[in-house]
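J.: Sequence and predicted structure are below.
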Amino acid sequence: MRIVDARVIVTCPGRNFVTLKVVTEDGVYGLGDATLNGRELAVASYLTDHIVPLLIGRDARAIEDTWQYLYKGAYWRRGPVTMSAIAAVDTALWDIKGKVANLPVYQLLGGASREAVRVYAHANGLDVDQAVKAVAHQLDLGYTAIRVQSGIPGIRSTYGVGRDGRPYEPAEKGGVSEHRWSTEAYLTFVPRLFERIRSEFGDDLDLLHDVHHRLTPIEAARAGKALEPYHLFWMEDPTPAEQQSAFRLIRQHTVTPIAVGEVFNSIFDCQQLIQEQLIDYIRTTVVHAGGISHLRKIAALAELHQVRTGSHGATDLSPVCMAAALHFDLSVHNFGIQEHMPHTAETDTVFPHEYTYQSGFMHPGESPGLGVDIDEALAAQYPYDPAYLPVNRRMDGTMHDW
Ligand code: KDG
Ligand code: MG
């Protein structure tokens with residue numbers, strides 16, 4: 001079954017998405033998400049200029065060989081651009097395989113290990129009162145695991161918190177904005193935030209919190225320790241992970257569970273973290289970590305060390321990635337939880353999909369393949385619109401040191 005066409009579709013139904021569509025000689029097609037937030041066109045070019053010419057004529061059924069060919073054959077390995085491009089090809093080939101077999105992809109991955117995929121929602125507020133309201137809202141929607149983020153007194157703008165009443169969106173249009181950051185203000189504030197949330201909602205709810213890599217290891221250890229009374233489900237990205245051994249320090253000081261990995265691209269980014277059990281949840285995503293094939297290898301390594309998965313699922317990952325993640329989550333034994341940040345209605349219309357949400361759980365559906373499509377005519381009506389993640393500086397204007 002030869003690949004006869006592959007093309008990249010860039011669209012911006014409110015935010016930018018890059019999608020690879022691979023077509024076989026039988027007219028079957030598969031989709032893969034290739035969106036790298038703020039650096040979208042680099043992946044689009046990597047695919048169009050360097051990968052698509054290699055795909056034409058290849059056997060669409062040879063998923064693993066194609067993965068190895070693109071990873072090892074390029075000489076230049078890893079990195080977010082390369083691995084997002086490989087992920088897009090891999091995901092599209094799994095979609096094709098499912099359609100040809102007339103089975104949902106999760107059945108090809110070993111079948112369902114659970115009835116549905118538990119997801120967590122976001123509750124964000126400019127201050128604690130707003131965060132409390134946001135938690136109550138998500139509880140009403142049926143979520144039983146909620147990530148809580150709040151504006152911090154003394155800091156004008158906090159990443160992860162929506163502004164002007166709009167839902168939080170990771171990238172901002174109109175140039176790169178700069179935020180200021182105070183570790184002391186954050187470390188003083190964050191235990192108070194969770195004290196209030198627990199006093200309002202009790203102990204039964206699972207609470208998560210994202211530090212967005214803004215602490216050094218010793219500061220992260222302090223945060224984890226201070227949050228212990230509120231027994232978080234996880235503390236996410238407490239410190240950058242280029243130095244995987246840095247997590248030893250955090251581990252020595254706190255039993256707050258640690259989740260990390262949304263910026264990782266390969267198993268080598270988390271090998272030590274997993275093998276030394278320095279983390280509890282690995283958050284690599286289908287799109288940024290080499291696709292379904294590579295994520296399965298990460299999950300298999302994690303399973304040996306009692307580390308569970310917790311895939312990233314922010315709005316900058318397209319519905320194609322969400323569908324792929326849900327098939328992966330449903331099948332993999334050591335699944336932990338999946339992030340769910342619903343897309344806008346505009347995005348959902350461009351990417352019609354079979355996956356559903358109900359009472360704190362999602363399911364990828366039973367359609368053959370991934371169960372997601374792209375309306376190319378509609379996608380063409382939304383041209384690319386540059387947007388960037390904000391940059392952080394310390395209060396005195398120094399670029400941050402984490
Ligand atoms: O593009 C970056 C965002 O996806 C990320 O910052 C969101 O941290 C995030 C999360 O956990 O969803
Ligand atoms: Mg995060």
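T.: Happy to help now that I have it. Quick caveat, the model's predicted, so the values are computed rather than measured. Ligands and ions are numbered 1, 2, ... in the order given.
J.: so what's T216 up against?
T.: Contacts for T216 (C-beta atoms under 8 Å, 6 or more residues apart in numbering) come out as 239, 401-402. Using the backbone N, CA and C atoms, a C-beta is placed for each residue, glycine as well.
J.: 10 Å instead?
T.: Contact analysis of T216 by C-beta atoms under 10 Å, 6 or more residues apart in numbering lists 183, 222, 238-240, 246, 249, 401-402.
J.: Restrict those to the buried ones and give me that as a PyMOL selection.
T.: Per 16 or more other C-beta atoms under 10 Å, the buried members of those correspond to this PyMOL selection:
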select buried, resi 183+222+238+239+246+249+402
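J.: Tell me the residues of the chain that contact ligand 2?
T.: Neighbours of ligand 2 within the chain, by C-beta under 5 Å from the ion: 210, 262.
J.: which stretch of helix or strand covers the residue nearest to the spatial centre of the chain?
T.: Central residue check for the chain by C-alpha atoms, centre = their mean: the C-alpha nearest the mean position is that of H312, 2.3 Å away. Assigned by DSSP states H and E, H312 belongs to no helix or strand.
J.: Tell me the spatial nearest neighbour of it, not counting adjacent residues.
T.: Closest residue in space to H312, ignoring its immediate chain neighbours: E262 at 3.9 Å, by C-beta to C-beta, 6 or more residues apart in numbering.
J.: right, and that neighbour touches G313 too?
T.: Yes - using C-beta atoms under 10 Å, E262 makes contact with G313 at a distance of 9.4 Å.
J.: shared neighbours, those two?
T.: By C-beta under 10 Å, 6+ apart, the residues touching both E262 and G313 are 283, 285, 339.
J.: Pull the number of nearby residues for the first one.
T.: The local packing of R283 (other C-beta atoms under 10 Å) involves 26 other residues.
J.: Nearest to ligand 2: which residue in the stretch 101-250 of the chain?
T.: Going by C-beta to the ion, ligand 2 is nearest to D210 of the stretch 101-250 of the chain, at 4.3 Å.
J.: For the nearest residue to that residue once chain neighbours are set aside, list each beta-bridge partner.
T.: Leaving aside its chain neighbours, D210 sits nearest to E236 (4.3 Å; criterion: C-beta to C-beta, 6+ apart). On the basis of DSSP bridges, E236 is bridged to D210, A259.
J.: How about N124?
T.: Q149.
J.: residues in contact with it?
T.: 130-131, 134-135, 147-151, 158, 160-163, 167-168.
J.: now it: how far from A223?
T.: 18 Å (C-beta to C-beta, to the nearest Å).
J.: before we move on, back to that, buried ones from the contacts of N124, can you make that a PyMOL selection?
T.: Buried subset of those, written as a PyMOL selection, criterion 16+ other C-beta under 10 Å:
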select buried, resi 130+131+134+135+147+148+149+150+151+158+160+161+162+168
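J.: mind listing which of the contacts of N124 are in strands?
T.: In strands, judged by DSSP state E, the following of the contacts of N124 are found: 147-150.
J.: pLDDT weak spots in the stretch 251-400 of the chain?
T.: Within the stretch 251-400 of the chain, the set of residues satisfying pLDDT under 70 is empty.
J.: closest point of it to ligand 1, which residue?
T.: Of all residues in the stretch 251-400 of the chain, A314 sits closest to ligand 1, at 3.4 Å by C-beta to the nearest ligand atom.
J.: what number of residues lie near Y120?
T.: The number of residues packed near Y120 is 25, by other C-beta under 10 Å.
J.: Would you mind confirming that it makes contact with R147?
T.: Yes - using C-beta under 10 Å, Y120 is in contact with R147, at 5.7 Å.
J.: If we ignore the residues flanking it in sequence, what's nearest the residue of the stretch 251-400 of the chain closest to ligand 1?
T.: Nearest to A314 is M341, by C-beta to C-beta, 6+ apart, at 5.2 Å.
J.: which SS class is that neighbour?
T.: coil (DSSP: H, G, I helix; E, B strand; the rest coil).
J.: Mind checking which of the contacts of T216 are in strands?
T.: Among the contacts of T216, no member falls in strands (DSSP E).
J.: Tabulate the contacts of T216 (JSON lines), appending distance to A325.
T.: As requested, the contacts of T216 are arranged in JSON lines below (distance: C-beta to C-beta, whole Å):
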{"residue": "T183", "distance to A325": "32"}
{"residue": "R222", "distance to A325": "32"}
{"residue": "P238", "distance to A325": "23"}
{"residue": "T239", "distance to A325": "25"}
{"residue": "P240", "distance to A325": "23"}
{"residue": "A246", "distance to A325": "27"}
{"residue": "L249", "distance to A325": "31"}
{"residue": "D401", "distance to A325": "33"}
{"residue": "W402", "distance to A325": "27"}
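J.: quick one on the thing from earlier: what is in contact with Y120 and R147 at once?
T.: Common neighbours of Y120 and R147 (C-beta under 10 Å, 6+ apart) are 138, 206-208, 233-234, 339-341.
J.: follow-up on the earlier one: quick one: the ones in strands among the contacts of N124 as CSV, columns for pLDDT and distance to L36 too.
T.: What follows is those, written out as CSV (pLDDT from 0 to 100; distance: C-beta to C-beta, whole Å):
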residue, pLDDT, distance to L36
R147, 98, 22
V148, 98, 27
Q149, 97, 23
S150, 97, 28
